[in-house]
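Build me a structure from this.
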Amino acid sequence: MNCYESAICQKIKTMVAESENYIDLLYAAPCIYTRNILLYQLKTKMNEINFLSGMICCQVNQIQASPTELPQQNQQNQRNITLQELAKFNGKDGNLAYVSVIGVVYDVTNNAAWAAASHFGLTAGKDLTSEFASCHACQPILSKLKIVGKLV
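All right, here's what the predicted structure looks like:
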């Protein structure tokens, strides 16, 4: 298991533990308003878990479908990028436009959906894991983008 897979597994374990806490809190909630808030938070966590597990399944399917293509793409010019470095790749003032989803950094500079380094209110130079989970789930959109590195 590589670092990327380990990070995803750890994130899933953390989210499952948080979900279990929300369930425990639901049992002790004093009023319907509190229960509704907890249910909303639990549903959000479950959507994130569903997204992450879907991403893992998509990656497994891609590797099985084209075992030689994906590793080569992942190794080309790949580097470790911090959140501070990622913020510089915001697509402004001639900078490239990068976004991160589940620890993988993608180049969206020349992607039509990311004109002006923004996409439906989202801006480049950020980790968009949770935002991506709510709208794209397991669509093959990420496989069409160039991978430039890993978020560390």
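
Please name every helix or strand in contact with the longest strand along the chain.
Assignment by DSSP state E gives strand 146-151 as the longest strand of the chain. Using 3 or more Cβ pairs under 8 Å, 6 or more residues apart in numbering; DSSP states H and E, the elements in contact with strand 146-151 are helix 69-75, strand 79-81, strand 104-107. Bear in mind the C-beta positions are built from the backbone N, C-alpha and C, glycine included.

My guess is Val16 contacts Ile49. True?
Yes. The pair Val16 / Ile49 is scored as a contact, 6.6 Å apart, by Cβ atoms under 8 Å.

Comparing these two, which residue is more hemmed in?
Ile49 (17 against 13; other Cβ atoms under 10 Å).

residues contacting that one?
Going by Cβ atoms under 8 Å, 6 or more residues apart in numbering, Ile49 touches Ile12, Met15, Val16, Ser19.

Do a quick rundown of the helices in the protein.
In the chain, the helices defined using DSSP state H lie at 3-28, 32-65, 69-75, 83-88, 129-135.

ok, of those helices, where does mean pLDDT dip lowest?
For the helices of the chain, mean pLDDT drops lowest on helix 69-75, to a mean of 45.

re earlier: out of the contacts of Ile49, who's nearest Ala29?
Ser19 (15.3 Å; Cβ to Cβ).

number of nearby residues for that closest one?
Neighbours around Ser19, by other Cβ under 10 Å: 18.

Please name the residues that touch the closest residue to it other than its chain neighbours.
Excluding the flanking residues, the one nearest Ser19 by Cβ to Cβ, 6 or more residues apart in numbering is Lys45, at 4.7 Å. Residues near Lys45 by Cβ under 8 Å, 6+ apart: Met15, Glu18, Ser19, Tyr22.

nearest spatial neighbour of the second one, skipping sequence neighbours?
Nearest-residue entry for Glu18: Lys45, 5.6 Å, with adjacent residues in sequence omitted and distances by Cβ to Cβ, 6+ apart.

how close does Asn110 get to Leu122?
The spacing between Asn110 and Leu122, counted by Cβ to Cβ, to the nearest Å, is 17 Å.

Neighbour count for those two, which is higher?
Under the neighbour definition other Cβ under 10 Å, Asn110 and Leu122 were set side by side, and Leu122 has more, 15 against 11.
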